[in-house]
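> Predicted coordinates and the sequence they were generated for:
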Amino acid sequence: MNNENVFFNPGDAIASSHDFKEARRSAQIYKQEEGTTKKLVIAKNKDNGIYAIYYADNVVDEQHGVQHEIKDKL
């Protein structure tokens, strides 16, 4: 996967973790339990290294968000 940097508002995160595998597992569980067809992304906060789960369409501009690197798409 190419490195893709985007901006998210950390307050919009569905869940977060210091561990990528835990974040991915949480995203899979959330997607299954909510029955959502919306795309989720796991993004790593460029400032603090925390992985967070966001709806893919929650991208904001750099004045309203924090830079993240997309690590996985579900």
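Sure, I can see it.
> so for the top strand by length along the chain, what's the average pLDDT?
Residue-count comparison of every strand in the chain, with assignments taken from DSSP state E, identifies strand 66-73 as the longest. Predicted confidence along strand 66-73 averages 96 (mean pLDDT).
> just stretch 31-39 next, same as before
Per-region confidence: stretch 31-39 scores 92 on mean pLDDT.
> quick one: residue 17 from residue 63, how far?
From residue 17 over to residue 63 the distance is 27 Å, taken as CB to CB, to the nearest Å. C-betas here are computed from N, CA, C, even on glycine.
> residue boundaries of the helices in the protein?
20-34 (DSSP state H).
> rewinding a little: if you count surrounding residues, which of residue 17 and residue 63 has more?
The neighbour count for residue 17 versus residue 63, taken as other CB atoms under 10 Å, is higher for residue 17 (17 against 6).
> quick one: residue 45 and residue 38, what's the gap?
If you go by CB to CB, the gap between residue 45 and residue 38 works out to 21 Å.
> List the contacts of stretch 37-54.
Stretch 37-54 is touched from outside by 5-6, 8, 10, 12-20, 22-24, 26-27, 30-31, 55-57, 66-74, with contacts defined as CB atoms under 8 Å, 6 or more residues apart in numbering.
> so how far is the first residue of that stretch from its last?
From its first residue to its last, stretch 37-54 covers 13 Å (CA to CA, to the nearest Å).
> buried sites along that stretch?
For stretch 37-54, burial by neighbour count (16 or more other CB atoms under 10 Å) applies to 40, 41, 42, 43, 44, 45, 50, 51, 52, 53, 54.
> is the second one in a bridge, and if so with what?
It stands for residue 41. residue 54, residue 73 (DSSP bridges).
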